[in-house]
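*Asks:* would you be able to build a 3D model of this:
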Amino acid sequence: MPAPPPDAPAPAPLHLSVTELLAGAAGGPSLPGLVGFERLWLGARLHRLYQDDARARDPTFEAERALALDLAHEGRAIRLHGRADGVREAADGALVVEELKSEGGGDVRPERAAQDALQASLYAWMLARACGRAVRAVLVRIAAEGAGVRVVARRDVAFDAAGTEARARALLSERLREERRREALREARRARAGEIRFPFPAERPGQREMADAVAAALAGGRHLLLEAPTGLGKTAAVLLPALRFAYRTGARVFLLTSRSSQQRGALEAAEAMAPAGAPAAAALRAKAALCATGTLVCHEDHCRFARDYARRRAEPHGLAAILASGSVFGADAVRAAGVARTLCPHALAGDLARDAALTVADQSYLVDPFAALPELRASAPLGDVVLLLDEAHQVAERARAAGSASLPAAALRALEQAAAAGGAPAHAALRRAAAGLRERVAALAAELVGGETSGDGELEAPFEAADLAAERAALETAGAAYLEYRLATRSLDAGDPLVAGLLAARRFFETLERAGPGVARSVAFARGEPSLRLHDLEPERRLAPLFARCRAVVALSATLRPFDARRALLGLDEARTDVLAVPSPFPAAHRAVVIDARVDDRWRARAREAPRLARRLAAFAEALPGHALALAPSFAWLDALRAALPPLARRVLVQRPDDDEAARARLLAAVGDRTGDPILLLAVAGGWFGEGVDWPGALAGVALIGPCLPPPDLPRELLRRALDERFGAGFELAYALPGMTRVVQGAGRLLRSERDRGVVALFGRRFLESPYRDLLPPEWLAGGAPEDLVGDPARVARAFFADA
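*Replies:* The predicted structure is shown next:
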């Protein structure tokens, strides 16, 4: 395995926001950022209303005044930054900093009031240092009132520059103690970097080559596209040099997976590699999976796990004790530790991840603008960040989906009806606002399509944020009042359908606000009900600036070809990106590939071909001595095949679109059981059973029904057009590549070790046509042509296992 990389550089200046500085203050926010529904709706909307009114009344008023202050403290360069809610000029020429706080009902705790005043003083101090003028500070508490905002209280804050600076420096000392604590953890890891070992008795062929390539990329600050077959052990080969690099340099490594089920294996590998004595790895999971109360309301006034979090975290039995209990922290263990200590498990997971060398998390923390970690935003300092993108072929598609949004009239109608069921004035106001927005969406949709709104369909249509501005303002105002009501009555619950509807609408509006040239717009109709839709066609516009500032990005998958296209769709710099393709180490004789060209797999032929295809699929399954997996392009194909299957001497299991986690687990376990009767599992390609699952030794055959293309709906057609304009290969990149990626990934479920044997059956004559034939893996062709693989799947399977 490769040698460890060179030693770490000197610490960079510490960039710190005022909110972050206050997060650890006694009496300060229990959780940094106070990420709850109050902040998302109540605070944001009321702040904007107050600021708009202040600008209209006072031309000197400036909203969201950016402030920054460079200073040295205890030998460390620090940049303190933040935004003052408002700054205006008083009659005597002094500048007045206004700190706005939205009221959520009930009395403000004294500790919180003191912290709010300190925040106002800090902004005033920073402004005074920047402009050299007299500055005063005012704390303004605001609340919703009808369609507007009212000032509940306006209080001058006793601002003393010297005293505020002393308090700021005391907080900086606390923060630097935290930095020194983390540096001590990094030093402990650095001292033991040489003890990181490959976790298995022997390497598989190709693992050393992969590890060497990753080590070189990290040392040289380069990106790497790494393609290797499924079952080769990519995760272990990549984690070994990444952990060594992190231990030696203090870098942070993020392994981002396509599903949470893949995280356990990565954490187990890290635990086997890393020496004890320092935090090596931690998992991040969605808040819903970790929330100790199930309410998802992160506010110290409403959750005992959030209350006084900073103080309890610093106690001897808090974070330090948890860190001392092990080196790898999975989601279940973190939740249990948090519940036992009355510490918010979600916040605790974040703290543990910041202390660890490796963070294992879902790709959404990178690609979703509404879920991205602060450490993984393009504006964050990323020079010591290494990204490992597992199942990297999914990243562009997931980023595309995360950057898209819709505003369905049907959802607004449901919001309206749910509000009508409530009896409070806040319910009535929200019902009226939802009805107004629904009516505006319907009218705008009719305008955009020329009046015809019956039936189903979708058309590209231009619309802008200004087209819905008044109705959006009304909904946000009503939403703020509703949340204020729920907070005042201590009845806020994330399961509230009104909250869910409000957040969905907010996501659409914020996506529309920042929509750039790579975002298309459309109007869709379902049974005459309109939806306004946004389609992110170029997510690489968001990813490229982030990747460019990272130390290195390693994209790994079994399906990355064609490499130039994958690199471009991810937004990786061509001059900085290397490529490694590792061949399969498994004997070619362990796998047979057959193309059944006698069936027509096109969707328009489904009704005619399903009976014949079902008979041939059944014959193939019956020729296998073990379980069979059949992957179709859609649930409609699954239904057609299941209905036409003849009786089989094996159990037939079918994936359903509404399967929950328990149902999927039962299917996974059934196929993984090699002792029971043989099974034929019908599932959708690219879904839960087509990628990222392992059944070592259980499968004897995998059948793929056609190239598994995405459906040709308007969003896909818009993508095809955009890719055609950019690369001249729109169909290949929008349809053929994702479809054939599903085919190859599905076939990869077959051979997971050097002992596995089986048959891959490709049903459909299109596998012999371009561009699909050009995307068949070279190892399947063995130097021949696709026509050499044509045959009867059942006959090939019987012959293959007869020779075993």
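
*Asks:* taking the centroid of this structure, which residue is nearest it?
*Replies:* Ser364 (0.5 Å; CA atoms, centre = their mean).

*Asks:* so that residue sits against Gln394, correct?
*Replies:* No - counting by CB atoms under 8 Å, Ser364 does not reach Gln394; the two are 11.1 Å apart. The C-beta positions use only the backbone N, C-alpha and C, and glycine is treated the same way.

*Asks:* do you know the pLDDT at the residue lying closest to Leu751 once chain neighbours are set aside?
*Replies:* Counting by CB to CB, 6 or more residues apart in numbering, Leu751 lies nearest to Phe586, which is 5.2 Å off, once chain neighbours are set aside. pLDDT for Phe586: 85.

*Asks:* and for Ala380?
*Replies:* With respect to pLDDT, Ala380 has a value of 81.

*Asks:* tell me the contacts of it?
*Replies:* Pro374 (CB atoms under 8 Å, 6 or more residues apart in numbering).

*Asks:* how about the secondary structure of it?
*Replies:* The local conformation at Ala380, judged by DSSP: H, G, I helix; E, B strand; the rest coil, is coil.

*Asks:* and it, how far is that from Ala130?
*Replies:* Noted for Ala380: a distance of 23 Å to Ala130, by CB to CB, to the nearest Å.

*Asks:* what of Asp52?
*Replies:* Taking CB to CB, one finds Asp52 at 25 Å from Ala130.

*Asks:* Leu613 now?
*Replies:* Counting by CB to CB - Leu613 and Ala130 are separated by 72 Å.

*Asks:* ok, now Arg354?
*Replies:* Distance, Arg354 to Ala130, by CB to CB: 30 Å.

*Asks:* okay, the two: which has more neighbours?
*Replies:* Neighbour count, other CB atoms under 10 Å: between Arg354 and Ala130, Arg354 has more, with 16 against 13.

*Asks:* model confidence for the more buried one, exactly?
*Replies:* For Arg354, the pLDDT comes out at 93.

*Asks:* again, but for Phe159
*Replies:* pLDDT, read off for Phe159, is 89.

*Asks:* wait, a strand at it?
*Replies:* No - counting by three-state DSSP, Phe159 is not found in a strand; it is coil.

*Asks:* give me the neighbour count for the closest residue to Thr741 other than its chain neighbours.
*Replies:* Excluding its sequence neighbours, the residue lying closest to Thr741 (CB to CB, 6+ apart) is Thr559, at 4.5 Å. By the measure other CB under 10 Å, the count of residues near Thr559 is 24.

*Asks:* then Gln115?
*Replies:* Gln115: 18 surrounding residues under other CB under 10 Å.

*Asks:* beyond the one helix or strand it maps to, next helix or strand please.
*Replies:* Gln115 is part of helix 110-131, with elements assigned from DSSP states H and E. Moving toward the C-terminus from helix 110-131, the next helix or strand (DSSP H and E) is strand 135-145.

*Asks:* okay, the angle between that next one and helix 110-131?
*Replies:* Angle between the axes of strand 135-145 and helix 110-131 is 130 degrees (criterion: axes from the mean of the first three to the mean of the last three CA atoms, to 10 degrees).
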